[in-house]
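> pasting the structure only:
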């Protein structure tokens, strides 16, 4: 069973439809203790990094404990940013810290080249630096749908990168923990393929 975490910052309706489309069994737990019986956890999200404050020490401890016992973890958009150490959008508020580095504003340092609008809303292509379980079967330059103003750095665990003014992590993956900056639930067949790849792998 997959736990779809609701902390008030995500369009859960679209994510639920996507999970149903790939045949996933899921629920939306109301308390951290429910994660003890889950085989996987999805943390979606849109909006300000401050919203992740709701994921307090009890949720963090439960999620970390689940991952340590072998449960899979998948972050979407703000949920992926939360997997990093933090974000300039909410200084002083720590992320989960699975991946090193902090998220920065698209218009901030490092400065991009040429004019580009922020937030980044729309379709953009993915580039895959190496093999990845969640990106398996996708061609280079596959298009997916983004809507965000902050980005995560490119790290050794980057499973896909995108360039929009600057190059940033579009997907990260380390063992059974993965995340995507784009919205797979709004990215058509490619998005469903990514979710199905992750589901099949875990």
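Nice, I can see it. No experiment lies behind these values; they were computed from the predicted model shown. Numbering: from 1, shown residues only.
> Okay, strands next: where are they in the protein?
2-4, 26-27, 40-43, 72-76, 86-87, 102-105, 120-125, 143-148, 150-151, 158-164, 166-174, 177-180 (DSSP state E).
> Low-confidence regions, this protein specifically.
Low-confidence segments of the chain, defined by pLDDT under 70: 108-115.
> top helix in it by residue count?
When the chain is parsed with DSSP state H, its longest helix is helix 188-201.
> And that one, what does it pack against?
Using 3 or more CB pairs under 8 Å, 6 or more residues apart in numbering; DSSP states H and E, the elements in contact with helix 188-201 are helix 12-21, strand 72-76, strand 143-148. C-betas here are computed from N, CA, C, even on glycine.
> what about the longest one, distance to the chain center?
Okay, so that is helix 12-21. 15 Å (CA atoms, centre = their mean, to the nearest Å).
> Which strands and helices lie in contact with it?
strand 2-4, helix 188-201.
> Just confirm residue 172 contacts residue 178, I think it does.
Yes: Residue 172 lies in contact with residue 178 (CB atoms under 8 Å); the separation is 6.6 Å.
> so what sits against both of those two?
residue 159 (CB atoms under 8 Å, 6 or more residues apart in numbering).
> Count residues in the vicinity of residue 63, would you?
Number of residues near residue 63 (other CB atoms under 10 Å) recorded here: 23.
> Next: residue 66.
Neighbour number of residue 66 under other CB under 10 Å is 21.
> JSON lines for the helices and strands packed on helix 188-201, including mean neighbour count and distance to residue 55?
Putting these into JSON lines (neighbours: other CB atoms under 10 Å; distance: least, CB to CB, whole Å) gives the following:
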{"stretch": "helix 12-21", "mean neighbour count": "16", "distance to residue 55": "15"}
{"stretch": "strand 72-76", "mean neighbour count": "25", "distance to residue 55": "11"}
{"stretch": "strand 143-148", "mean neighbour count": "19", "distance to residue 55": "18"}
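> that older thread, can you put the strands of the chain in TSV and add distance to residue 33?
Shown next, in TSV, are the strands of the chain (distance: least, CB to CB, whole Å):
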stretch	distance to residue 33
strand 2-4	11
strand 26-27	13
strand 40-43	13
strand 72-76	17
strand 86-87	26
strand 102-105	29
strand 120-125	37
strand 143-148	31
strand 150-151	31
strand 158-164	31
strand 166-174	26
strand 177-180	21
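> how about those strands, which one is nearest residue 192?
strand 143-148 (11.0 Å; CB to CB).
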